[in-house]
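Undergrad: When you get a sec, could you give me coordinates for this:
(chains A, B and C)
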Amino acid sequence: MNAPAYNFAYLDEQTKRMIRRAILKAIAIPGYQVPFASREMPMPYGWGTGGVQVTAAILGPADVLKVIDQGSDDTTNAISIRKFFAKTAGVATTTATDDATVIQTRHRIPETALHANQVLVYQVPIPEPLRFLEPRETETRRMHALAEYGLMHVKLYEDIARFGHIATAYAYPVKVNARYVMDPSPTPKFDNPKMDDCPALQLFGAGREKRIYAIPPYTKVVSLDFEDHPFEPYRFNAPCALCAAENSYLDEIVTDDKGSRMFVCSDTDYCESRQAAGHHGSLSAAPYKEKAGSHG
Amino acid sequence: MADPDMRENDEPLLVATSLSKSFGRIAACRDVSFALYPGEVLAIVGESGSGKSTLLQLLSGQLAASGGHVSYRMRDGVARDLATLGEAERRFLFRTDWGFVHQDPAQGLRMAVSAGANVGERLMAVGWNHYGRIRDTASDWLTRVEIDVARIDDAPRTYSGGMRQRLQIARNLVTEPRLVFMDEPTGGLDVSVQARLLDLLRSLVAELHLAVIIVTHDLAVARLLSHRVMVMKGGRVIETGLTDQVLDDPREPYTQLLVSSILPP
Amino acid sequence: MTAMIDIADAKKTFTMHLQGGIELPVVSGVTFQVNPGECVVLSGPSGAGKSSILKMIFGNYRCDSGRIGIRHRGALIDLAAAEPRQVLNVRRSTIGYVSQFLRAVPRVATIDVVAEPLIAGGMARADARARAGELLHRLNIPERLWQLPPATFSGGEQQRVNIARGFISDLPILLLDEPTASLDAANRTVVVALVAEKKRQGVAMVAIVHDDEIRHLIADRIVDVTSFAAAA
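TA: Modelled structure (predicted):
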């Protein structure tokens, strides 16, 4: 295929300008969903078309791009988006969180603390936190405009009534800059505290729903809760089986058909860097390495 | 309850002045004026198409009047013209100081959300942030409207018609509003269920010293609940007065017709 | 002495629009006064307008002209020209009405039906119920019926519940429409005693009583309404 046939980063410059205007507005009104003219992308909805458009609009030739899917750099989705921009923009890509200037993510925030001069781009399926309780868009927009958020607590109330605690484990609603209630996309609530006072710029793109919203650097982001049922980030009982990390988000991996399983970091870059630095978990012994070796 | 004397000299809660509304060439409501006082129950009666539901929407600020205005005395004692209220203020009023009981409970309830959350929503909307207290208050209100507290976590779609209507009332009264609008609240119910609901409404209205504007075509409902009635026909108020006066001593031909159309009890 | 009720030249006509607008004169030129502690009995044949006059005094029927003066909280109010809420206030704190038939809400227990006027007047529920109980006792309504709604009671029982409800409050004016109509001798005696007690408390009463004996026992003065009817 002939790379020069594409404009830089696939989208035409007019479209990028339009998206940048939406992004600037979103940054100016933290947490507010800005409508934008979402384009058809060469991938189906649900594969990150919103995030890809935001990334395309902000990417410059000097940027270093990292793409993760549920924390992992090497799933089909992450790889194809990374390749997409390598081909259409010719930008450098990386899997190392620290080295990236733009990180597009599907549903995770990296474990490594983000720094200023980084932009985290979220892929968002449904941007409206009130949607499942109030189906009318006219009504939800009015509720945002008037900061009528009692309904959001109705959802949390229902959780406690049904399960005895707030059972919402992902897409846990937050209030941004003490004004707008926002859906942080289906990230695990484990990641919610990382959004608060974060040095990096966070951008959210919903392609199908045609909305962009943002959390500017160092913005207050509070997870909603009740006084007597305060927000609690998810805690894991055991450390990562590979790198022994105590405070990272773990994935369950089924290792055979007899019910064996292991819990490992969902953030593959974080886990690998720790292992490289000499941290070892209970299952990072020789037999596992052998398997990994045979696989490669 | 306050000394009755206090009520004699108080100020009206809501005042309608020359309210009119036309839809194109059709005048749905013409030149309606009245004052409603705290604790007073006003029934608007008339046949379908008489303009009573339009009037209710005008009074509750859901419809802009073509002429005239409605003023409401806010909790701070200041009377405000509804038309000058911002949308935020108007909606806040609707969640706190006002209630609206719809004929169809599905319009006034969130059918897929538990009864407890239905009642608690208004509290959460005004900033209640303690689950335990919200739930206790919701339980208390379910009891007051004679719903078994064991049903608190069930969604109203599993409730009978009468229970739904009682739940809708609890949902409206939990913020202790001073004014409740009711649109045919007993409309879709069986006669026996109606009687129970009316009885409940009657005692709640008296206990909470609620002002109520109730639209009904059922004169028996008007007699049981209201202090005062307005009879509407063709968008106009043709007769008004004390409920028993109007029903026992009707003056207008149309009112006499309405009254004579009731089957004897 | 200042009259509690002062009616002057009151007139009432029904216009029957459904019968071609015919005018049905009821009473006119109604003029009489009732003083505190006095029981005035209206007399006259059926259809002479006795009940209508009672309803005019209660504000239930509107007057075409004339004045229905009521001493309410120390001041004379013309009920014929009063605002609806004034009429309600007068009923709440000045005029009680014992009608012939009990009109109660279904489902409400007898004891609460009787206690309601006191509770509406501000008395604590427990105290109001205690007084309601005393009165029901006097009127020979057995205690086992108190928690039941009166709708299922016999005519005489309902009438006694109605009397209890009417006599329980301390209103300065009472209107009695055939209070003893369906009562046996024993209960009639109780009602006569209740009326006498009200008189001693200074209550002004207007009554319609067909029973000559009872009328004789309670009436301080008899107003013949025939003259008002004839004048119509």
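Undergrad: If we ignore the residues flanking it in sequence, what's nearest whichever residue of chain A sits closest to chain B?
TA: When scored by Cβ to the nearest Cβ, chain A has residue A:150 as its residue closest to chain B, at 2.8 Å. No exception for glycine: its C-beta is placed from N, CA and C like everyone else's. Spatial nearest neighbour of residue A:150, excluding adjacent residues (Cβ to Cβ, 6 or more residues apart in numbering or on different chains): residue B:125 at 2.8 Å.
Undergrad: residues contacting the one you found?
TA: A:148-151, B:95 (Cβ atoms under 8 Å, 6 or more residues apart in numbering or on different chains).
Undergrad: Residue B:86 versus residue A:144, what's the distance?
TA: 16 Å (Cβ to Cβ, to the nearest Å).
Undergrad: what about those two, which has more around it?
TA: residue A:144 (20 against 9; other Cβ atoms under 10 Å in any protein chain shown).
Undergrad: That one contacts residue A:32, doesn't it?
TA: Yes. At 7.2 Å, residue A:144 counts as touching residue A:32 under the criterion of Cβ atoms under 8 Å.
Undergrad: what touches both of these two?
TA: residue A:180.
Undergrad: what bridges to residue A:188?
TA: Residues in a beta bridge with residue A:188, per DSSP bridges, are residue A:170.
Undergrad: Residues contacting the lengthiest helix in chain C, please?
TA: Counting by DSSP state H, the longest helix found in chain C is helix C:185-200. Helix C:185-200 has contacts (Cβ under 8 Å, 6+ apart) with C:37-39, C:138-140, C:156, C:160, C:163, C:167, C:174, C:176, C:179-180, C:183, C:205, C:207, C:211, C:214, C:217-218, C:220.
Undergrad: Check the spacing between residue B:96 and residue B:75 real quick.
TA: Counting by Cβ to Cβ, the gap from residue B:96 to residue B:75 is 8 Å.
Undergrad: Of those two, give the one with the bigger neighbour count.
TA: residue B:96 (16 against 9).
Undergrad: Now the more buried one: closest residue in space that isn't a chain neighbour?
TA: residue B:175 (5.0 Å).
Undergrad: quick one: contacts for that neighbour?
TA: By Cβ under 8 Å, 6+ apart, the neighbours of residue B:175 are B:95-97, B:122-123, B:126.
Undergrad: can you pull the buried residues of stretch A:172-188?
TA: Within stretch A:172-188, the residues scored as buried using 16 or more other Cβ atoms under 10 Å in any protein chain shown are A:172-177, A:180-188.
Undergrad: got the phi/psi numbers for the residue nearest to residue A:150?
TA: phi -70, psi -30 (degrees, to the nearest 10).
Undergrad: got it, and the one 5 residues further on?
TA: The main-chain torsion angles of residue B:130 are listed as degrees, to the nearest 10 and equal phi -120, psi 110.
Undergrad: got it, and the one 5 residues further on?
TA: Phi and psi for residue B:135, reported as degrees, to the nearest 10, are phi -70, psi -40.
Undergrad: tell me the SS of residue A:53?
TA: Under DSSP: H, G, I helix; E, B strand; the rest coil, the three-state class of residue A:53 is helix.
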